[in-house]
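Visitor: Predicted model follows, preceded by the sequence.
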Amino acid sequence: MAAEKEPLNFDEIIHTCLYDKKVFAKEISKKVHNEIRLDGYKHHKKPIIIKDGKNKTMIHFFDLNNPSVAEDAYKAVDKYYEHTKANKDHQSDSFKDKDKQIEHFGSYADYTMLPYVTAHTASTHNKDHQLCVRQLIKRLQPLSDTINNWTNKAYSQLYTNMKDLDLGPNVPKSFGIFPTASINFNCASAFHHDIKDHRNALCIVCPLETFEGDELVFPELKLIFHVKQGQAIAFRSLLLVHGNLLITSGKRHSIVFYIHKSLLNKNILLLHLILVLMKL
């Protein structure tokens, strides 16, 4: 697999303040929405590793060793998508958002220091939908296992560190070392950087089904990746602004495996618990 050294100054990118990154991400999203061409970008259609000057992986584009698990995952996700779309009683608020149809499964920390679990993030107030969620997670296990095995081989220390994490009895690990998997349902992601993701962990994106467009873009690096079903891409989601170009044809779902940093910071969780107890 090819490796490319520091196409831009990673130190400058890493130390850009959060506000500037947010403004930059909005500018790129506006350009893509208005179909303004992104000139001067380098395209990658084959697996490659992008490292910084300290030999740390920033982006790793790779083939799945068993592409059939992605095809099976697509069938499971699309069945869930079509069923949920047809049954309003099963829809969460995030699923109803036509501009950004996404749901989170497993453990997810959003507007609180304490983790949510699937029951809070998918619309599980409906007992029939609870079964849908359990069936979906079960059918995603082969893909999840493939991603876990790849992480173990490619980044054994990261795998070991995440595997050994004790997140407590109320935080399920439904996807191996990853507490959370989010699914984007037939939508392109606006440009952003994930401020709640852990800086030393990798976010792994698996696109599903045959589609055109929707390439993954890292505008700070001026890099565009053509990632298709049967492939995946791992990257530093906290440090790098990223997003997708518009889908031009076909249906495109994607699964994202990651971990929120608040799930790792036990001191913050303990402090939050203390503050809650002080109010009682």
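Guide: On my side now, so go ahead.

Visitor: which residues does Val119 contact?
Guide: Just so we're on the same page, residue 119 is Ala rather than Val. With contact set as C-beta atoms under 8 Å, 6 or more residues apart in numbering, Ala119 has no partners. Any C-beta I mention is one placed from the backbone N, CA and C, and that applies to glycine too.

Visitor: doesn't it fall inside a helix?
Guide: Yes. Ala119: assigned to a helix according to DSSP: H, G, I helix; E, B strand; the rest coil.

Visitor: What confidence value was assigned to it?
Guide: As predicted, Ala119 sits at a pLDDT of 70.

Visitor: try Pro7
Guide: 50.

Visitor: ok, now Leu18?
Guide: 80.

Visitor: pretty sure it is touching Lys196, no?
Guide: No. Assessed by C-beta atoms under 8 Å, Leu18 is found out of contact with Lys196, at 11.6 Å.

Visitor: more neighbours, the two?
Guide: With neighbours defined as other C-beta atoms under 10 Å, Leu18 and Lys196 compare such that Lys196 has more, 15 against 10.

Visitor: so how far is Asn55 from that one?
Guide: Lys196 is 27 Å from Asn55, where distance means C-beta to C-beta, to the nearest Å.

Visitor: What's the local residue count around Lys251?
Guide: With other C-beta under 10 Å as criterion, Lys251 counts 14.

Visitor: how near is it to Tyr41?
Guide: Taking C-beta to C-beta, one finds Lys251 at 25 Å from Tyr41.

Visitor: do the same with Ala201
Guide: Looking at Ala201 against Tyr41, where the rule is C-beta to C-beta, the gap reads 26 Å.
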